[in-house]
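In: Next one to model:
(one chain, ligands or ions: 2)
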Amino acid sequence: MDEWFLRINGRGNAWPVPLGQENPFYCRNGEIEYANASFSLMQFEKGIKDREHLETELMIDAGHGSIPNLLRLYNRIPDALFITHPHFDHFLGIDWIAQSYYRFNNKQKYPVYATEYCWDTILETIPHLEEIIAFHPLEPGVKSEIPEADQISVTAFPVFHGVSAKGAAMFLFEVEKEKYSKVLFSGDVLFPLLNEQAYEELQNVDYCIVDSNNRFPYPRSNHWSMTTGNNQGKESLINFMNNLKLEVVLEPHTGLPSGNRYSGYFKYLKDQSDWKEGIPFTVFDFIERIHPKTVLPVHYSGLEDEKYYNKSVLNNLEMQNWLNNSAQQFGLSTNFVIAEIGDFFST
Ligand SMILES: [Zn+2]
Ligand SMILES: [Zn+2]
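Out: Numbers count the residues shown, from 1 in each chain. Ligands and ions are numbered 1, 2, ... in the order given. Here you go, the predicted structure:
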């Protein structure tokens, strides 16, 4: 039986260890830890996890350091690449992957999936990609088949990750084999923009790989925090949200302030008397809403916790324990796992 697995190619934030600094979560001497958050969904013949039995690989995000890990792990070109948003720590590896494919596959274009606005922004940054990439646009809330993997579909759901993150999205992958399973990659998020149907589709995902940049809120970072804990940072989050206008939140998706791209999807926000109502502003709030079975927090920096809350940056084990203890306090039954690079999870 062919089986699908999730593999961790990298779990870091933008600069996991800034030059001249130390970070207890990432080892300065461990090259494999330089990779940013990046993952693969991989199908192995008979479930045997080696290079020879690998049939299909879909890669999600390819930032700094992810390619050396691909070379180290199987030295194989993924069959397609999915980019959550146009920030360097998520797309800088595209060129290496696509050039490898183009040069050694009779100048075939390499398949990349993203939202249209995300892709336009990447092309502005690296224009020559247009010649070597076959782009597949993903529309918010619309499930797409993936020609490279006939048992899997993908749906992009918009998220707000600041004004520079054009077309930023989380991706839900649904694996349809004997056993049906769902894997959600949040990408980078300050908060998601999900209508009721989206919440339904996200219920009980098997794995939720989630941006957990800080333990406590620092909304100016444009990233999710894990929790407001015992009201830690709740006030700053509320103040920030009170000053945030819907036009600003929608512009990275619809275009200019007056833009109406995907107006169908975003209608639910305009129809609400308060557009902020019901939005999960922390990872814990989100988990409470969608009940994932296992949560893999990634993209941890902790620098804001240290600077604004005087809380130490945790190492991997401390983080896993802190998350599971805090979750228990809040009555969440989800299991948190800090994954290592190269780890596999059965879907
Ligand atoms: Zn990032
Ligand atoms: Zn980002």
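
In: residues from the chain in reach of ligand 1?
Out: Contacts of the chain with ligand 1, taken as CB under 5 Å from the ion, map to 89, 188. C-beta: built from backbone N, CA, C; applies to glycine.

In: After whichever helix in the chain runs longest, which helix or strand is next? Please name it.
Out: If you go by DSSP state H, the chain has its longest helix at helix 316-329. Next along the chain after helix 316-329, taking DSSP states H and E as the criterion, comes strand 335-336.

In: Give me the sheet partners of that next one and which way each runs.
Out: Paired neighbours of strand 335-336 in the sheet (DSSP bridges): strand 294-298 (parallel).

In: Put the alpha carbons of the very next helix or strand once past the strand it pairs with into PDB.
Out: Where DSSP H and E defines the elements, the next helix or strand beyond strand 294-298 is helix 303-309. Written as PDB, here are the backbone C-alpha positions of helix 303-309 (Å, rounded to 0.1, in the frame of the first residue of the first chain):
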ATOM      1  CA  LEU A 303      12.700  37.600  20.800                       C
ATOM      2  CA  GLU A 304       9.600  39.700  21.400                       C
ATOM      3  CA  ASP A 305       8.800  37.600  24.500                       C
ATOM      4  CA  GLU A 306      12.300  38.500  25.900                       C
ATOM      5  CA  LYS A 307      12.100  42.100  24.900                       C
ATOM      6  CA  TYR A 308       8.600  43.100  25.800                       C
ATOM      7  CA  TYR A 309       7.600  40.500  28.500                       C
END
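
In: which outside residues touch helix 303-309?
Out: For helix 303-309, contacts defined as CB atoms under 8 Å, 6 or more residues apart in numbering pick out 213-216, 218, 221, 232-233, 311-313.

In: please redo it, this time with the cut-off set to 10 Å
Out: When contacts are defined by CB atoms under 10 Å, 6 or more residues apart in numbering, helix 303-309 is touched by residues 13, 18, 21, 23, 213-221, 223, 225-226, 229, 232-233, 236, 302, 311-314.

In: Mind listing what's buried along that helix?
Out: 303-305, 308-309 (16 or more other CB atoms under 10 Å).

In: could these go into CSV alongside pLDDT?
Out: Formatted as CSV, those follow (pLDDT from 0 to 100):
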residue, pLDDT
Leu303, 92
Glu304, 93
Asp305, 93
Tyr308, 92
Tyr309, 92
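
In: Near the closest residue to ligand 1 within the stretch 1-150 of the chain, how many other residues are there?
Out: Using CB to the ion, Asp89 is the residue of the stretch 1-150 of the chain that sits closest to ligand 1, at 4.2 Å. Neighbourhood size, Asp89 [other CB atoms under 10 Å]: 25.

In: Going by neighbour count, list what's buried in the helix or strand containing it.
Out: Here Asp89, judged by DSSP H and E, is contained in helix 88-91. For helix 88-91, the neighbour count (16+ other CB under 10 Å) marks 89-91 as buried.

In: And for stretch 80-93?
Out: Buried, per 16+ other CB under 10 Å, within stretch 80-93: 80-87, 89-93.

In: measure Ser144 to ligand 2 for me?
Out: For Ser144, the distance to ligand 2 equals 23 Å [CB to the ion, to the nearest Å].

In: List phi and psi for whatever residue of the stretch 151-300 of the chain ends up closest to ligand 1.
Out: Residue nearest to ligand 1 within the stretch 151-300 of the chain (CB to the ion): Asp188, separated by 4.3 Å. Main-chain torsions, Asp188, degrees, to the nearest 10: phi -90, psi 140.

In: burial count for it?
Out: Neighbours around Asp188, by other CB under 10 Å: 28.

In: Then Ile97?
Out: Residues near Ile97, counting by other CB under 10 Å, number 21.

In: That one contacts Leu71, doesn't it?
Out: No: checked against CB atoms under 10 Å, the pair Ile97 and Leu71 is beyond contact range at 11.0 Å.

In: do you know how far Leu246 is from Ser236?
Out: 20 Å (CB to CB, to the nearest Å).

In: again with Cys208
Out: 25 Å.

In: Kindly report the same for Ala149.
Out: From Ala149 over to Ser236 (counting by CB to CB), the distance is 42 Å.

In: the more surrounded of these two?
Out: Ala149 (21 against 16).

In: mind checking the SS state of that one?
Out: Following DSSP: H, G, I helix; E, B strand; the rest coil, Ala149 is assigned to coil.

In: Touching, it and Phe173? I think so.
Out: Yes: with contacts counted by CB under 10 Å, Ala149 reaches Phe173, the gap being 9.2 Å.

In: Now do the shared contacts for those two.
Out: If you check Ala149 and Phe173 against CB under 10 Å, 6+ apart, the residues they both contact are 4, 41, 58.

In: Would you mind giving those as TSV with neighbour count and secondary structure added?
Out: As requested, the shared contacts of Ala149 and Phe173 are exported to TSV (neighbours: other CB atoms under 10 Å; DSSP: H, G, I helix; E, B strand; the rest coil):
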residue	neighbour count	secondary structure
Trp4	25	strand
Leu41	25	strand
Leu58	24	strand
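
In: so can I have a markdown table of those residues showing pLDDT?
Out: Shown next, in a markdown table, are the shared contacts of Ala149 and Phe173 (pLDDT from 0 to 100):
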| residue | pLDDT |
| --- | --- |
| Trp4 | 93 |
| Leu41 | 97 |
| Leu58 | 98 |
